[in-house]
Every structure is written in C-alpha cells, then in structure tokens.
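Student: The following comprises the amino acid sequence and a computationally predicted model.
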Amino acid sequence: MLPTLADVLALDAVRRGTPSVVAGGDRLGTRVRWVHVGEVSDIAHLLRGGELILTTGVALPSEPGKLADYISDLAGVGASGLIVELGRRFVGELPRAVVDAAEMHGLPLVTLARETPFVQITESVHSRIIDIQLEELRASEQLHEVFTELSVEGASPAEVLAQVSRLSARPALLENLAHQVLACESAGRDTGTLLANWEARSRAVAPRERTAYDPSSGWLVTMVGARGHDWGRLILFCDSPPSPRDIVLAERAATTLALGRLLERHQESLERQAHGTIIAGILSHAYADPEEVAARARAVGVPLTGRKLLSAVLRLTDRPGETVLNLQAKLTELAEATAAACRDARLPALVGAMDQNRVGVLLPLPPRTPAEAALAALADRLRAAFTTPFVLAAGSVVESIREVRRSFLEAEQVAEAAARQPDRRPFYRLPDLRLRGLLHLLRDDARLQTFAERELGPLLAHDAHRGGDLTGILRVYLDSGRNKAVAAQRAHLSRPAFYDRLRRLERILDTDLDDVDSCLSLHVALLALESFRGEMP
C-alpha cells in the first residue's frame, strides 16, 4: 500500500524542516505515488497523478490569479499534495491566493519553515514506496503459491475460504447468484450473527465493478465465474477499508474457485463423453465382442458382467420456441444430473447423451435388485435435482451384453411415445403405454397407415375440400364414450346441431355411429392418425 501524505510528514527528513499544514488538512490520507521536485509553474502537464510536489517557489508567478491557476492545475491532474519551502521566494507565509485556492480545490498544502535538502525527502519517500512495493510483491507471490497449490489439489470451496480467512484474519463467505450461502468461514465470529437475514442484506449490496468495497456494509465483494458466466460472489468482511493485499487475496481466491468449478465440470464432461461413446458403440454394433464392451465399461468404473442389465432413455419433452443451444445446454445438465442421481442412489451406470434430445443410461443391477426399485430411486433423485420437464423410459431387463441394444431400442421407442403423452409418471415401460404406445411404435408400418386411410380417408378429404372440422366432431364423440349429450356440450353445439353433424359423418364414412365395432375401428384410426402427425392427445 502506498504511503499517505501523513506518513510522509512523519519522516525524519521532512520533520527536520518543521512542516506545517496550511490547507487540505482533511486530505492527509491521500496516497503518495511518487515525489517530484519542480520549480516551474507549468509542471502540471508533466504529471500523471499521485505525485507530491516539492518546490521553493522561486519560479512561481507573482500575480494572485496565476498562483491560483497553478494550484488549480495541480489539483486537476491529481497531484497528492504540494510542499513549499519558505525563505527563498515566500518569507514567513504563503500568499493568501495560494492557500485559498488549495482549500477550494482540496489540495493538501504544506510549508517547511526550515531549509531542507529535497533529495533527502525524495530518497526517504521513494525508499518507503519501493519497500512497500517489494513487500506487496512478496505477499502477491505468497498468495500465488498458496492458491496455485489449492487449484492443483482441487480444493473445495470450504478449503479455499479457510485459506482466505487465515490470510486475512477476516470472515469470508461464498454465495450463489440467488444470494444463497454456499460456504462460510467465520474466523472465530458468531456464524449466526454473520448470516442473520442474509438474503436481504446481500441483495442490498450490489457494486457495479467486479471487485469493489462497500463502505456501508463493510464488505469487499468480488464476482466468481469464468468465460463470461458468473455464478457467485466472494465476500470478505472488513472492519476497515481493505488493503491492496486484501483485494488481491479476494480476487485470487475467486479465480481459484472459478477454476475449480471449470475443472470439475470439464472432468464430468469427459466422463459423460466416455460413457456416451460406449453406449453409441453398443447401439451401432461398433464392438464385435461383448467382452470389449465389458472391458471398456469396467475401465470407467461400471461393471457389466454378472449383472442384470437395464437400459433407460431420458428424453426432454417438447418445448416450443426453445433454441438449439438452450436444448443442448439442458441436455448436458440432464446428463450430469442423471450421473449424480445414479451416484447418490449407489447405482453404477453408464450415462451419456445419445443425441440432442436424449440421454442414455445402462444400469447393471445386482441379481436381487428389482428394476422398478432402481428406476424409482433414480427418478426420485433426478426430479428433485432437475426441474426441466423430461420423461424416463426403460426397456426390458436383459441378461447379456448382446441383448442390450434391443433393450435400448425398446427404451427409445417408449420414450418417444411417452414424451407425446406425459402423465407425470416417475418412469415408463412398454406396458404403461397401452394402445397409444403400441400405435406409436407401429406408426411407420404401412399396414397401419393403410388401415387409417381406409377408415378416415373420405372424412379427411371432405374436411380438406370444405375447410371443415368434422374429424374433430368425430373425435369429441368417441372421446365422450358415444354419449351424444356430453359430446354436444364439449363441442359447444346445441343437440340438434350436433346430431346433424353426426348424420353427415355417417353419410361421408358410410357407417353406423351407433355400432360399437365401427366406432372402435374409427377410434383406433384416429389414434393412429395422431401418431402419424405427431399430435399430442
């Protein structure tokens, strides 16, 4: 930390000149960056700010206005102060114009009553500045070593905060952007007092800079994040304005926290990629020998041999208007959340993205573990951690690696069908989908398409030609269990109007809508049509 003007006045070299503060006595805390001797009146344009000017005044103008301009120019460039030795130009005291201008512009003004070698003052101050800079450099190097070691060791946020508190002798806290405390080191103070009414207090402190001191709260706040994505704030509780070392300490700690999170995520991403490669290899027949699959899975910590194998697919439900980048980010989050849920449930598993909408999971289950129990445990933990809508679908349990691909394909088909009619089940299996699921699985079969066209073709052509919606009327009628009164009410039509439409339907379809078998065929055809069109029921 640079010395203040008060520190300079306390030096022996300055005290021998009998210094007297004649203006700006409330500014003696101003930092002195350098000491400069100057006898010319137009020196201001040579300065950069923070200089303490020493002069005898021999070359200063005599006119009061020009003397005031001289003081104004010094203050304008940010000089830290002006020391004038009396006796050569100004005897006894300084002109009133100089003192008044210094007071007006807030420039500390000091006189020396005795002759003082300026070189002794500059040497003393510059030595002090250099010593301080060396001390700060050593401190910075120490902080660099400490936090580099923490980064290499993968220290937790709590461990990083413990070092911050130890090095600063102050409490330190890490919060997220929702102002929830992630870690806290109280430095011997009462934790309850530090955290009392935390969210409200934290929201009231919102510095504009990435690192800033808030005098009202006594907090030194620095943002934590990397690559343009901030995710938290590091707060150092200060009883007095922080020193430059405190600021460096907070920023270095924030960098360590951000780096640790990046490394953690990168490690997770690599793990997901490795798992996804194995799953993709199973689906594409990339591995000729099941033993190769087992060896690769074993190498990433997932034993497949001697276990029942359960394939599952998690699919994000359709979200209109969602961008591709957002979907990609959500899928990555879903994959990481699924892996974390498996670890939490103590279910070793291969977890990896299959495409832009689906995450694949291969669960090796011990012989006595029911598949439903494992799926329920996974679903419960995952839905508590991941709020974006998704469906969890499972294939059949298989006994060998050779059968895993078939199980995965089944899970994919179940997930596709379930995503079109999610009903908040924890997970889906093929029996849960019933008729709609069966029709969805068969939607590409030409025989099903021919059946639906034979049953509904004339009606669809009529609606297309006339611009009507008799198909919708038929759907309402069948969904109402062929109860005409209920169907008319749901269609928002009077009974006579609704009955008239039913008669028109019978003529177009050449069928009897009171016949159970005819209505059953029409209902199946409508469900198949929804599957072809990808409509939600």
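Tutor: Sure, I can see it. Since the model is a prediction, treat every value here as computed from it, not as a measurement.

Student: Show me how the protein divides into domains.
Tutor: What automatic domain parsing lists as the domains of the chain is 5-127, 154-263, 287-434, 446-533.

Student: Mean pLDDT and mean neighbour count added to these, as CSV?
Tutor: C-beta: built from backbone N, CA, C; applies to glycine. Compiled in CSV, those are given as follows (pLDDT from 0 to 100; neighbours: other C-beta atoms under 10 Å):
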stretch, mean pLDDT, mean neighbour count
domain 5-127, 93, 17
domain 154-263, 88, 17
domain 287-434, 85, 18
domain 446-533, 86, 15
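
Student: With distance to residue 147 as added columns, please give those domains in a markdown table.
Tutor: Listed next are those as a markdown table, based on distance: least, C-beta to C-beta, whole Å:
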| stretch | distance to residue 147 |
| --- | --- |
| domain 5-127 | 27 |
| domain 154-263 | 5 |
| domain 287-434 | 26 |
| domain 446-533 | 58 |
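
Student: looking at the ones you listed, which is closest to residue 136?
Tutor: domain 154-263 (6.3 Å; C-beta to C-beta).

Student: The host helix or strand of residue 476: how far from the chain's middle?
Tutor: Element membership for residue 476 (DSSP states H and E) is helix 470-479. When distances are taken as C-alpha atoms, centre = their mean, to the nearest Å, helix 470-479 is centred 48 Å away from the chain's centroid.

Student: I'd like the next helix or strand past that helix.
Tutor: Sequence order places helix 484-490 as the next helix or strand after helix 470-479, per DSSP H and E.

Student: list the helices and strands that following helix packs on?
Tutor: On a contact count with 3 or more C-beta pairs under 8 Å, 6 or more residues apart in numbering; DSSP states H and E, helix 484-490 meets helix 470-479, helix 495-509.

Student: so how far is it off the chain centroid?
Tutor: Counting by C-alpha atoms, centre = their mean, helix 484-490 comes out at 51 Å from the chain centroid.

Student: Same check on stretch 216-235?
Tutor: 12 Å.

Student: What ranges does the stretch 251-400 of the chain have for its strands?
Tutor: 308-316, 350-353, 358-365, 390-394 (DSSP state E, counting those that start in this stretch).

Student: Next, format the ones you listed as CSV and append distance to residue 407.
Tutor: As requested, the strands of the stretch 251-400 of the chain are arranged in CSV below (distance: least, C-beta to C-beta, whole Å):
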stretch, distance to residue 407
strand 308-316, 4
strand 350-353, 13
strand 358-365, 9
strand 390-394, 8
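
Student: between those, which gets nearest to residue 247?
Tutor: Closest among the strands of the stretch 251-400 of the chain, using C-beta to C-beta: strand 350-353, at 41.5 Å.

Student: what lines up beside that closest one in the sheet?
Tutor: Sheet pairing of strand 350-353 (DSSP bridges) gives strand 358-365 (antiparallel).

Student: which residues are in contact with the partner strand?
Tutor: 276, 279, 282, 297, 302-304, 307-316, 331, 334-335, 338, 342, 347-354, 371, 374, 378, 397, 404, 408, 412, 415 (C-beta atoms under 8 Å, 6 or more residues apart in numbering).

Student: In terms of helices and strands, where is the residue nearest to the spatial centre of the chain?
Tutor: Centroid-nearest residue in the chain, with C-alpha atoms, centre = their mean: residue 231, separated by 4.2 Å. Taking DSSP H and E as the criterion, residue 231 maps to strand 229-237.

Student: quick one: that strand to chain centroid distance?
Tutor: The answer for strand 229-237 is 12 Å, by C-alpha atoms, centre = their mean.

Student: Listing partners with orientation, what would you give for it?
Tutor: Here, using DSSP bridges, strand 229-237 pairs with strand 172-176 (antiparallel), strand 219-226 (antiparallel).

Student: Now do the contacts for residue 394.
Tutor: By C-beta under 8 Å, 6+ apart, residue 394 lies in contact with 310-313, 371, 375, 411, 414, 427-429.

Student: let's go with 6 Å and repeat that
Tutor: 312, 375, 411, 427, 429 (C-beta atoms under 6 Å, 6 or more residues apart in numbering).

Student: Apart from its neighbours in sequence, what residue is nearest it?
Tutor: Counting by C-beta to C-beta, 6 or more residues apart in numbering, residue 394 lies nearest to residue 312, which is 4.6 Å off, once chain neighbours are set aside.

Student: if I look at that neighbour, how far off is residue 248?
Tutor: Residue 312 is 49 Å from residue 248, where distance means C-beta to C-beta, to the nearest Å.

Student: for the helix or strand encompassing residue 414, the distance to its chain's centre please.
Tutor: In this structure, residue 414 is located in helix 404-420 according to DSSP H and E. Relative to the mean C-alpha coordinate of its chain, helix 404-420 is positioned 32 Å out (C-alpha atoms, centre = their mean).

Student: elements contacting that helix?
Tutor: helix 244-283, strand 308-316, strand 390-394, helix 430-441 (3 or more C-beta pairs under 6 Å, 6 or more residues apart in numbering; DSSP states H and E).

Student: one step back: quick one: closest of the domains of the chain to residue 139.
Tutor: Residue 139 lies closest, by C-beta to C-beta, to one member of the domains of the chain: domain 154-263, at 5.1 Å.

Student: what about the helices in the stretch 101-250 of the chain?
Tutor: With DSSP state H, counting those that start in this stretch as the criterion, the stretch 101-250 of the chain has helices at 118-153, 157-168, 191-195, 198-203, 244-283.

Student: what distance separates stretch 50-66 from the middle of the whole chain?
Tutor: With C-alpha atoms, centre = their mean, you get 55 Å for stretch 50-66.

Student: residues in contact with that stretch?
Tutor: By C-beta under 6 Å, 6+ apart, stretch 50-66 touches 32-41, 79-85, 88-90, 97, 118.

Student: Distance-wise, check residue 28 relative to residue 407.
Tutor: 79 Å.

Student: The helix or strand where residue 462 lies - contacts with which helices or strands?
Tutor: Here residue 462, judged by DSSP H and E, is contained in helix 446-466. Helices and strands touching helix 446-466, by 3+ C-beta pairs under 6 Å, 6+ apart, are helix 470-479, helix 495-509, helix 516-533.

Student: Run through the bridge partners of the closest residue to residue 213 other than its chain neighbours.
Tutor: The shortest distance from residue 213 to any non-neighbouring residue, by C-beta to C-beta, 6+ apart, is to residue 220 (5.0 Å). For residue 220, the beta-bridge partners are residue 213, residue 236 (DSSP bridges).

Student: pretty sure residue 220 is touching residue 236, no?
Tutor: Yes. Residue 220 lies in contact with residue 236 (C-beta atoms under 6 Å); the separation is 4.2 Å.

Student: Need the phi and psi values for residue 17.
Tutor: phi -90, psi 0 (degrees, to the nearest 10).

Student: how close does the nearest residue to residue 477 once chain neighbours are set aside get to residue 481?
Tutor: Distance criterion C-beta to C-beta, 6+ apart; nearest residue to residue 477, sequence neighbours excluded, is residue 487 at 4.6 Å. Look at residue 487 and residue 481: by C-beta to C-beta, they are 9 Å apart.

Student: next one: residue 310
Tutor: 38 Å.
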